[in-house]
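Undergrad: Sequence and predicted model, in that order:
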Amino acid sequence: MEPYKKHESIAALLNRSNVDTDQIIPKQFLKKVERSGFGKHLFHDWRFNDDGSENTDFELNKSTFKGAKILVAGDNFGCGSSREHAPWAIADYGFNTIISSSYADIFFNNCFKNSILPIVATKKQLASLMKEISENEGVRFIVDLENQELTTPANNGFTFEIDPFRKENLAKGLDDIGLTLLQTDKIDQYEEKHKQSYPWLWV
Amino acid sequence: MKKTMYEKIWDSHLVVEVPGQAPLLYVDRHLMHEVTSPQAFEGLRLANRKVRNPHSILATMDHCVPTKDRDLPIADPIAKKQIETMANNCQENGLNLYDMKNPNNGVIHIVVPEHGFVHPGMVVVCGDSHTATHGAFGALAFGIGTSEVEHVMVSQTLPQQKSKTMLIQIDGELSKYASAKDIALAITGKIGTAGGTGHVIEYAGDAITALSMEGRMTLCNMAIEAGARAGLVAPDQKTYDYLKGREFTPSGKNWDAALAYWKSLPSDDGAKFDTVVELNASKIEPQVTWGTSPEQVTGVTDIIPAPEDFDDEIKRQACTNALDYMGLKAHTKITDIPVDLIFIGSCTNGRIEDFRIAAEVTKGKKVAQGVTAIAVPGSYHVKQQAEEEGLDKIFIDAGWEWREPGCSMCLAMNGDELTVGQRSASTSNRNFEGRQGKGGRTHLVSPAMAAAAASAGHFVDIRNL
């Protein structure tokens, strides 16, 4: 995984709540057996017209948001299915940071497996960020994972919370599986005990 | 200390807690389908890693499979490749796969209980958010992403943060034709699609113990629609009776040992939950969703709300957007909404009990003019059972299509889908924009409500039939 570094980037605004994973990556794109190439289908049904042209009414198609790495979105982002294709599409499109007041649990977990930092803001903080972007489209925010700080030109930034374990993995680009496999002897011991406690599961 | 069922399962599956890291939780059962697994197998190959416990895995093909003309090759080349990849991956790793031609094939969350593969007290995962279904057996079952699918295949564990607990207490008796689906929708309406975020729900009360195992599966299936990764129902005699004699259920001396363990699982009296929600079952009407989120739901005797009926600005905007997408006017009576297509099936409502009740409502009636009605059994076993009971004839005589099993129109990956503007009464679990086809309009209902709408051409209060 790519280590997450401090960066300054355009923040794009998607002022919608309950954005579900069916919108992030519609089901017709889930048939691929690869992990890559989902970015071009991100928000497909909102982003494109029926003839395949860009829907100019869709927020993220605004020229002021091109090249954004930060996505600011409404409450309960990523609800619905567990499809990891959603964070794959978000990362492949170019976002590495999402800011919302809450996330669906499975989506939230999936972000950390794909070098995406999902920042949790209070509703008030989120409203201020949304206001700042809508008044100054193309505005750039600074995300500093090490110091857990978001900085904005109009001083709507804040210190955010993140689980220390997840922070370290994100910052170093560490692979969860590799870390778990360091505990293989503990897993072996647990499994031996498990076989004695629940022998019917090992028939 | 008094413990909830969730805490008991958590404690017994804790492998190790390394300071500064997330606790590692042991996984007993890993369920798989073709959509969320190929990239995980690819990860194994690239890292030259092996599946740790092949016997812990049960796989099926369900999301992309056609529900008719199953003898023909799959027309969509990308779906065909995904199906072939699944078969190759399972063969290469020695996994038990119920492929499209297997008599055990069906939707993963229908097939797994049929074979007794999940028992009370287990930790169960699948790359699918509706894994919550298996909480009906008192198992901690939750959906995971594809990276986690790979993690579990390699290590049989997952780093997990402990969830909060929510008790949903539902007492009272359901009215005739109100079902587990209506309870699930009513809960989502009450607490919202983010109401259960960060929680594991335990459903309790007279109305829950009165549910069949099929009903409990429907209820737990939709825990995720209320934001919770997992739902649980305490195992009881119904659970044990359901499991006894199935392929993967312990027998003989092992049955006695397992049963003793299962009986120790229910939450201790007086165990503390972080959140408690109460509902009265007798007040739950048959439910119909009117919007593009499962929380946008109301009783069948009600009217569609107007944006100004909501105090919350976000909900007001969501209502405006939903009415626009759904092509509906505020304050229309639910029973005045016409329907074009009826879908009965999915991991929510594709079990034998669902087809029995739908057939009871359908018997002697005809599908209304201009309406298409499709019945998609959740598995070949459900299909066979329904046919033995003559249910298929009731549907076919009424003008329904009787299909082969699969996820079908629940998420419309296999070619079964709504066209732009088409309106469905669907027994599935999500009414998101485009979920059943781009521009399609979904109303979530119970099987009885779906069947009644098929004959009437619009929603009807089945209690008056």
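TA: That came through fine.

Undergrad: so where's chain A uncertain?
TA: Chain A contains no residues with pLDDT under 70.

Undergrad: Could you pick out the longest strand of it?
TA: strand A:7-14 (DSSP state E).

Undergrad: what about that strand and chain B, touching?
TA: No. If you take CB under 8 Å from any CB of the partner chain as the test, strand A:7-14 misses chain B, and the best it gets is 13.2 Å. Any C-beta I mention is one placed from the backbone N, CA and C, and that applies to glycine too.

Undergrad: for the next helix or strand after that strand, packing partners?
TA: As assigned by DSSP states H and E, the chain's next helix or strand after strand A:7-14 is helix A:21-24. Under the contact definition 3 or more CB pairs under 8 Å, 6 or more residues apart in numbering or on different chains; DSSP states H and E, helix A:21-24 sits against helix A:85-93.

Undergrad: neighbouring contacts of the helix it packs on?
TA: The contact list for helix A:85-93 (CB atoms under 8 Å, 6 or more residues apart in numbering or on different chains) reads A:21, A:24-25, A:29-30, A:35-42, A:71, A:78, A:98, A:107, A:110-111, A:113-116, B:145.

Undergrad: What is the burial count for residue 87?
TA: Unless you meant another one, I'm taking chain A. Residue A:87 has 30 neighbours, counted by other CB atoms under 10 Å in any protein chain shown.

Undergrad: um, chain B though
TA: Here the count is done by other CB under 10 Å, and residue B:87 has 15 residues near it.

Undergrad: List the residues that contact it.
TA: By CB under 8 Å, 6+ apart, residue B:87 lies in contact with B:97, B:99.

Undergrad: What is the distance between the helix or strand containing it and the centre of its chain?
TA: Following DSSP H and E, one finds residue B:87 within helix B:77-92. Mean-position distance between helix B:77-92 and its chain equals 24 Å (CA atoms, centre = their mean, to the nearest Å).

Undergrad: Mind listing residues that contact the longest strand of chain A?
TA: Contact with strand A:7-14 is made by A:59-60, A:62, A:64-74, A:95-97, A:99, A:129-130, A:133-134, A:137-143, A:152, as judged by CB under 8 Å, 6+ apart.

Undergrad: let's see it at 6 Å
TA: A:59-60, A:65, A:67-73, A:130, A:133, A:138, A:140-142 (CB atoms under 6 Å, 6 or more residues apart in numbering or on different chains).

Undergrad: Go through stretch A:114-126 and flag the buried ones.
TA: Neighbour-count burial for stretch A:114-126 flags A:114-121, A:125-126 (criterion: 16 or more other CB atoms under 10 Å in any protein chain shown).

Undergrad: before we move on, back to that, buried subset of the contacts of strand A:7-14?
TA: The neighbour count (16+ other CB under 10 Å) marks A:59-60, A:65, A:68-73, A:130, A:133, A:140-141 as buried among these.

Undergrad: can you give me the helices in the stretch 351-465 of chain B?
TA: B:352-362, B:380-388, B:391-398, B:447-456 (DSSP state H, counting those that start in this stretch).

Undergrad: Mean neighbour count, mean pLDDT and distance to chain A for these - can I get that in CSV?
TA: As requested, the helices of the stretch 351-465 of chain B are exported to CSV (neighbours: other CB atoms under 10 Å in any protein chain shown; pLDDT from 0 to 100; distance: least, CB to the nearest CB, whole Å):
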stretch, mean neighbour count, mean pLDDT, distance to chain A
helix B:352-362, 23, 98, 21
helix B:380-388, 18, 98, 23
helix B:391-398, 19, 98, 26
helix B:447-456, 28, 98, 21
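
Undergrad: which one of the ones you listed lies closest to residue B:326?
TA: For residue B:326, the closest of those is helix B:447-456, at 15.5 Å, according to CB to CB.

Undergrad: got the angle for that closest one vs helix B:352-362?
TA: 30 degrees (axes from the mean of the first three to the mean of the last three CA atoms, to 10 degrees).

Undergrad: Just give me the neighbour total for residue A:149.
TA: 14.

Undergrad: got the phi/psi numbers for it?
TA: Reported as degrees, to the nearest 10, the phi and psi values for residue A:149 are phi -130, psi 140.

Undergrad: List the contacts of residue B:291.
TA: Counted by CB under 6 Å, 6+ apart, residue B:291 has contacts residue B:322.

Undergrad: still on that earlier bit, right, and the pair among the buried residues of stretch A:114-126 with maximum separation?
TA: Spatially, the most separated pair among the buried residues of stretch A:114-126 is A:114 and A:125, at 24.2 Å (CB to CB).

Undergrad: for the buried residues of stretch A:114-126, which one is nearest chain B?
TA: Lowest distance from chain B to those (CB to the nearest CB) belongs to residue A:114, with 7.4 Å.

Undergrad: mind checking which helix or strand the closest one is in?
TA: Using DSSP H and E, residue A:114 sits within no helix or strand.

Undergrad: For it, give its distance to residue B:305.
TA: As judged by CB to CB, to the nearest Å, residue A:114 and residue B:305 stand 38 Å apart.

Undergrad: Now, the buried residues of stretch A:114-126 that are in strands?
TA: Using DSSP E, these in strands are A:117-120.

Undergrad: out of the residues you listed, which one sits closest to residue B:97?
TA: Proximity of these to residue B:97 (CB to CB) peaks at residue A:118, which lies at 34.3 Å.

Undergrad: Can you spell out which residues form a bridge with that closest one?
TA: Taking DSSP bridges as the rule, residue A:118 bridges to residue A:98.

Undergrad: Could you give the number of residues near residue B:212?
TA: 15.

Undergrad: Likewise for the one 10 residues further on?
TA: Other residues near residue B:222 come to 26 when the count uses other CB under 10 Å.

Undergrad: And the spatially closest residue to it that is not a sequence neighbour, how close does it get to chain A?
TA: Nearest non-adjacent residue to residue B:222, counting by CB to CB, 6 or more residues apart in numbering or on different chains: residue B:184, 3.8 Å away. According to CB to the nearest CB, to the nearest Å, residue B:184 and chain A sit 15 Å apart.

Undergrad: Helix, strand or coil: sort out residue B:184 for me.
TA: helix (DSSP: H, G, I helix; E, B strand; the rest coil).

Undergrad: how about the strands of chain A, start to end?
TA: Going by DSSP E, chain A shows strands at A:7-14, A:70-73, A:97-100, A:117-120, A:140-144, A:149-151, A:158-159.

Undergrad: sorry, back to before: paired strands for the next helix-or-strand element following the helix holding residue B:87, with orientation please.
TA: Using DSSP H and E, the helix or strand that follows helix B:77-92 towards the C-terminus is strand B:96-98. Neighbouring strands of strand B:96-98 in its sheet, by DSSP bridges, are strand B:57-60 (parallel).

Undergrad: With that, I have no additional questions.
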